[in-house]
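The following block contains a protein sequence and its predicted model.
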Amino acid sequence: MKKRANMKWNVIKVPKQPDAKQCGFYVLRYMRQIVEYEEEDTRSLQSMFMQKNYTKAEIDEVREEWSSCMLPYMI
């Protein structure tokens, strides 16, 4: 049986939501940043998420995008 190599985990600090109601929007915003990240970018993924939390405008942008995408399925 092959011996597994030890994995090295990197702890990445991400913005934290101020309450228990916004976690989904924070995850969507976080995923968007990762998807839009380009390898040629001089910043590391770690440095992209150094801010403590997202602004209200950043979360409202995600809310608006989500609602415009989902609304046709709700009507």
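Alright, I've got the coordinates. Numbers count the residues shown, from 1 in each chain.

Just the CA atoms of the lowest-mean-pLDDT helix or strand in the chain, as CSV, please.
Of the helices and strands making up the chain, the lowest-confidence element is helix 45-48, at a mean of 71, by mean pLDDT, DSSP states H and E. The C-alpha trace of helix 45-48 is given here as CSV (Å, rounded to 0.1, in the frame of the first residue of the first chain):
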residue,chain,number,x,y,z
LEU,A,45,-5.4,34.9,-3.5
GLN,A,46,-4.5,35.4,0.1
SER,A,47,-4.0,39.1,-0.4
MET,A,48,-7.3,39.5,-2.2
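
If you count contacts, what does the very next helix or strand once past that helix end up packed against?
Using DSSP states H and E, the next helix or strand after helix 45-48 towards the C-terminus is helix 56-74. Contacting helix 56-74 under the criterion 3 or more CB pairs under 8 Å, 6 or more residues apart in numbering; DSSP states H and E are the following elements: helix 23-36. In this view, the C-beta of every residue, glycine as well, is placed from N, C-alpha and C.

Mind listing what's buried along the helix it packs on?
Within helix 23-36, the residues that qualify as buried are 25-26, 29-30, 33, counting by 16 or more other CB atoms under 10 Å.

For these, which two are the farthest from each other?
Farthest apart among these by CB to CB are Phe25 and Gln33. That separation is 12.9 Å.

quick one: the residue most central in space within the chain from Tyr73, how far?
Centroid-nearest residue in the chain: Tyr30, 0.8 Å away (criterion: CA atoms, centre = their mean). Distance of Tyr30 to Tyr73, given as CB to CB, to the nearest Å: 24 Å.

Same question for Asn10.
37 Å.

List the contacts of Pro18.
Pro18 is in contact with Asn53, counting by CB atoms under 8 Å, 6 or more residues apart in numbering.

Could you give the number of residues near Glu64?
10 (other CB atoms under 10 Å).

Read off the pLDDT value for Gly24.
According to the prediction, Gly24 has pLDDT 90.

Please disregard the earlier target; I meant Cys69.
On the pLDDT scale, Cys69 is placed at 91.
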